[in-house]
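K.L.:
Quick one: sequence and predicted model below, then my questions.
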Amino acid sequence: MDLKTRGIDPTAPEREAIESVLGPPDGDATHDRLGGAALRARRHLLLPTIHAVNDRVGWISPAAIDHIAERLDVSPAEIYGVVTFYGLFSTHERPPRQVHACVDLVCRTRGVSEERLPDGVHPSPCLGMCDQAPAAFVTEAGATARRVSLGDVSTDRLGRLTADATPRRPIPQAGQPDLVLLARAGRVDPLDFDAWVADGGLRALERARQIGADGVIELVDAASLVGRGGAAFPTARKWQAVRSQAASPRHLVCNADESEPGTFKDRVLMETDPFALLESMTIAALAAECTHGWIYLRGEYPEVEATLRSAIDRFRREGILGDGFDITLRRGAGAYICGEETAIFNSIEGFRGEPRNKPPYPFEQGLFELPTVVNNVETLMNVPSIVLGRTTSNRRLFCLSGAIARPGVYEFELGLTLGELIDNAGGLRAGSELQAVLLGGAAGRYVSPESLDLVLDHESVRTAGLSLGSGVVMVIDQYVDLVDQIRRIAAFFRDESCGQCVPCRVGTVRQQEVLERLANGVRDGQLELLADIGRAMTDASICGLGQTAHHAIESAIVTLGAFER
């Protein structure tokens, strides 16, 4: 490729950051020796390289973009397109310390909004800490870069925050004897490998090796395990489809880009039981005959990243990883759309995280155009118990937040009612009266207080036209401005749309514009126009973002009468 760059050398810190990922250049002969195709074959290192520069310097300069372009034989324009795709990067110089304050649904109910942020504090979509709202994410660039997610942050502290960790709230159910997915949460040191083994770790992997791939898939199929990220696709069928492909090698991707507003269950699982996730992935790889695994982790989870890297290193030292199957941790950079299974592939490969058209499906051509399994964290964490003979298909994690007495992640058997679930979390906060419940997050739907008798199982929820989604149960009390909530949801989807398809790119903007007019008292034809826009996005968008961007808004208007109050 005949690259055109500006001819400006990067700074020494930028060069060091780039070389920390790509290694030192081999003189001017690098391109001639390896050839452009060989250099471009390392494009999957683009996102880690951009992260390295951002961690070291705090922003991505034109000179850094040019130098990366030369090292990977990728045009500067393409790299600029990748950098600007992600919310955590900037192509403009900015201070080393950045504070991002969540202004999404739960944090808004605690008094944080775009208008109330101190100077220098940036608004952020949901940070996955709704149980500890208000939340913030702080980064400090430099030779010893630091990043931290913070909970229970008052508005008057936002301008003074530093990247110093604060204690996490305890898991509400910690130590209860009937737990499966949360069995070790708050009870076993998450990075004490010996304590984890003594508590039953590796027993499922040993059993899986004894019964082989067919045996594992049969057990998972018999347990009726389905995806816990919202799609509810049968897990065993997905594994078998990948295993049946002639192409190799095959990949396993753990989708840990948990960005749905109101969702934080995967964070808790990874924080409290990281070895179990690695064991689960190793079993899944055995079943689907995958040779490499990837954990795609949202960039706003720095504590989880450190925990998982430590756990992966220990698994390698123990010989569990590295021979026949290994795992790479890839950090995201602030893009909700990368939770879509094919957008993950593009992001890992070093492209903009835009969804791909289907077919071909991931089991046919996924990551690097090879057969690929994609499962989210909660789905995978069910596997060890199933292999050991305990059926967990009816156990779900729920993320309770908002006007609830004890917010947090809860594990229950499906079949309890919505009201019983809320009661198990201590009921409503003192002084609160129930106005609504948001099920499934921003992509879900609101239900009224009359729905407290709704049975939380797949059939009952589906019959009611709802979805359990990623387990979000956001309790809204009488103090919450419902119109403000749905305006925020519209803004969220507008910002997070990748822009690839017209129905979503244009529809999310028009949806927000209509809501603004409605909020300002304009009524003539606006509700009908809003419904038309919603139908167009639902029917014609490429992926689930556009297809669900109208759901919560529609339910707030139709079910709750948001503009009739």
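P.N.:
The structure has been received and is ready for your questions. Residues are numbered from 1 along each chain as shown.

K.L.:
tell me the SS of Arg157?
P.N.:
helix (DSSP: H, G, I helix; E, B strand; the rest coil).

K.L.:
ends of stretch 96-111, how far apart?
P.N.:
End-to-end distance for stretch 96-111: 27 Å, by Cα to Cα, to the nearest Å.

K.L.:
Report the buried residues of that stretch.
P.N.:
97-110 (16 or more other Cβ atoms under 10 Å). C-beta coordinates here come from the backbone N, C-alpha and C atoms, glycine included.

K.L.:
How about stretch 201-217?
P.N.:
Gly201, Leu202, Ala204, Leu205, Arg207, Ala208, Ala213, Val216, Ile217.

K.L.:
Ok, stretch 512-524 next?
P.N.:
In stretch 512-524, the ones that count as buried by 16+ other Cβ under 10 Å are Gln512, Glu513, Val514, Leu515, Leu518.

K.L.:
With stretch 72-85 instead?
P.N.:
For stretch 72-85, by 16+ other Cβ under 10 Å, it's Leu72, Asp73, Val74, Ser75, Pro76, Glu78, Ile79, Tyr80, Val82, Val83, Phe85.

K.L.:
any idea how far the nearest residue to the last one once chain neighbours are set aside lies from Ile18?
P.N.:
Yep, that's Phe85 we're talking about. Excluding its sequence neighbours, the residue lying closest to Phe85 (Cβ to Cβ, 6 or more residues apart in numbering) is Arg352, at 4.5 Å. Using Cβ to Cβ, to the nearest Å, one obtains 20 Å as the distance from Arg352 to Ile18.

K.L.:
okay, those two: which has more neighbours?
P.N.:
Ile18 (25 against 20; other Cβ atoms under 10 Å).

K.L.:
Just confirm the more buried one is within a helix.
P.N.:
Yes - under three-state DSSP, Ile18 sits within a helix.

K.L.:
quick one, helices of the stretch 401-550 of the chain?
P.N.:
Per DSSP state H, counting those that start in this stretch, the stretch 401-550 of the chain carries helices over the ranges 418-424, 458-463, 482-496, 502-519, 526-540, 544-548.

K.L.:
ok now the first one, how far from the chain's centre?
P.N.:
It refers to helix 418-424. Its chain's C-alpha centre and that of helix 418-424 lie 26 Å apart, by Cα atoms, centre = their mean, to the nearest Å.

K.L.:
now what about it, what contacts it?
P.N.:
Contacts with helix 418-424, where a contact means Cβ atoms under 8 Å, 6 or more residues apart in numbering, come from 398, 400, 404, 410, 412, 416, 428, 437, 439, 447, 451-454, 456, 473, 475.

K.L.:
In the chain, spot the strand with the most residues.
P.N.:
strand 395-402 (DSSP state E).

K.L.:
Could you list every helix and strand that it packs against?
P.N.:
helix 105-108, helix 265-272, strand 408-413, helix 418-424, strand 472-477 (3 or more Cβ pairs under 8 Å, 6 or more residues apart in numbering; DSSP states H and E).

K.L.:
So what touches the third one?
P.N.:
This means strand 408-413. 131, 169, 171-173, 179-182, 264-265, 268, 394-400, 421, 424-425, 456.

K.L.:
the inter-axis angle of that strand versus strand 472-477?
P.N.:
Between strand 408-413 and strand 472-477, the angle comes out at 120 degrees (axes from the mean of the first three to the mean of the last three Cα atoms, to 10 degrees).

K.L.:
partners of strand 408-413 in the sheet?
P.N.:
strand 395-402 (antiparallel) (DSSP bridges).

K.L.:
Can I get the partner strand as PDB, trimmed to CA atoms?
P.N.:
What follows is strand 395-402, C-alpha atoms only, in PDB (Å, rounded to 0.1, in the frame of the first residue of the first chain):
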ATOM      1  CA  ARG A 395     -31.700 -20.000  37.400                       C
ATOM      2  CA  ARG A 396     -31.300 -16.400  36.400                       C
ATOM      3  CA  LEU A 397     -29.400 -13.400  37.600                       C
ATOM      4  CA  PHE A 398     -31.300 -10.100  38.000                       C
ATOM      5  CA  CYS A 399     -29.900  -6.600  38.200                       C
ATOM      6  CA  LEU A 400     -32.100  -4.700  40.600                       C
ATOM      7  CA  SER A 401     -31.500  -1.000  40.800                       C
ATOM      8  CA  GLY A 402     -33.300   2.300  41.200                       C
END
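
K.L.:
what sits against Leu182?
P.N.:
Residues near Leu182 by Cβ under 8 Å, 6+ apart: Ile171, Gln173, Ala174, Val268, Leu269, Thr272, Leu397, Val409, Glu411.

K.L.:
Go again with 7 Å.
P.N.:
Ile171, Gln173, Val409, Glu411 (Cβ atoms under 7 Å, 6 or more residues apart in numbering).

K.L.:
Am I right that it is in a helix?
P.N.:
No - counting by three-state DSSP, Leu182 is not found in a helix; it is coil.

K.L.:
Give me the phi and psi angles of it.
P.N.:
Here is the backbone geometry of Leu182 (degrees, to the nearest 10): phi -100, psi 20.

K.L.:
And the pLDDT for it?
P.N.:
Leu182 carries a pLDDT value of 97.

K.L.:
swap in His31?
P.N.:
52.

K.L.:
From the chain's centroid, how far away is stretch 489-496?
P.N.:
Distance, centroid of stretch 489-496 to centroid of chain: 16 Å (Cα atoms, centre = their mean).

K.L.:
And for stretch 543-556?
P.N.:
On Cα atoms, centre = their mean, the centre of stretch 543-556 falls 18 Å from that of its chain.

K.L.:
Type out the ChimeraX command that picks the buried ones from the contacts of helix 418-424.
P.N.:
Buried residues among the contacts of helix 418-424 (16+ other Cβ under 10 Å), as a ChimeraX selection:
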select :398,400,404,410,412,416,428,437,439,447,451,452,454,456,473,475
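
K.L.:
about what we covered before: identify, from the buried residues of stretch 96-111, the entry nearest to Phe315.
P.N.:
Nearest to Phe315 among the buried residues of stretch 96-111 is His100, at 31.7 Å by Cβ to Cβ.

K.L.:
Could I have the buried ones of the contacts of strand 408-413 as PyMOL selection syntax?
P.N.:
Burial among these is assessed by 16+ other Cβ under 10 Å; the matching PyMOL selection reads:
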select buried, resi 131+171+172+173+179+180+181+182+264+265+268+395+396+397+398+399+400+421+424+425+456
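
K.L.:
re earlier: pLDDT and distance to Val188 for the buried residues of stretch 96-111 - can I get that in a markdown table?
P.N.:
Below are those laid out as a markdown table (pLDDT from 0 to 100; distance: Cβ to Cβ, whole Å):
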| residue | pLDDT | distance to Val188 |
| --- | --- | --- |
| Arg97 | 97 | 35 |
| Gln98 | 97 | 34 |
| Val99 | 97 | 33 |
| His100 | 97 | 32 |
| Ala101 | 97 | 33 |
| Cys102 | 97 | 30 |
| Val103 | 97 | 36 |
| Asp104 | 97 | 32 |
| Leu105 | 97 | 32 |
| Val106 | 97 | 29 |
| Cys107 | 96 | 31 |
| Arg108 | 95 | 35 |
| Thr109 | 93 | 34 |
| Arg110 | 92 | 32 |
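
K.L.:
can I get those residues in TSV with distance to Thr379?
P.N.:
Output for those, formatted as TSV (distance: Cβ to Cβ, whole Å):
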residue	distance to Thr379
Arg97	37
Gln98	33
Val99	34
His100	29
Ala101	31
Cys102	26
Val103	30
Asp104	24
Leu105	25
Val106	24
Cys107	28
Arg108	30
Thr109	30
Arg110	31
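
K.L.:
Out of those, which comes closest to Val242?
P.N.:
Asp104 (34.7 Å).

K.L.:
I'd assumed Pro261 was in contact with that closest one.
P.N.:
Yes - Asp104 lies in contact with Pro261 (Cβ atoms under 7 Å); the separation is 4.9 Å.

K.L.:
where do the contact lists of the two overlap?
P.N.:
Joint contacts of Asp104 and Pro261 (Cβ under 7 Å, 6+ apart) are Pro125, Cys126, Phe492.
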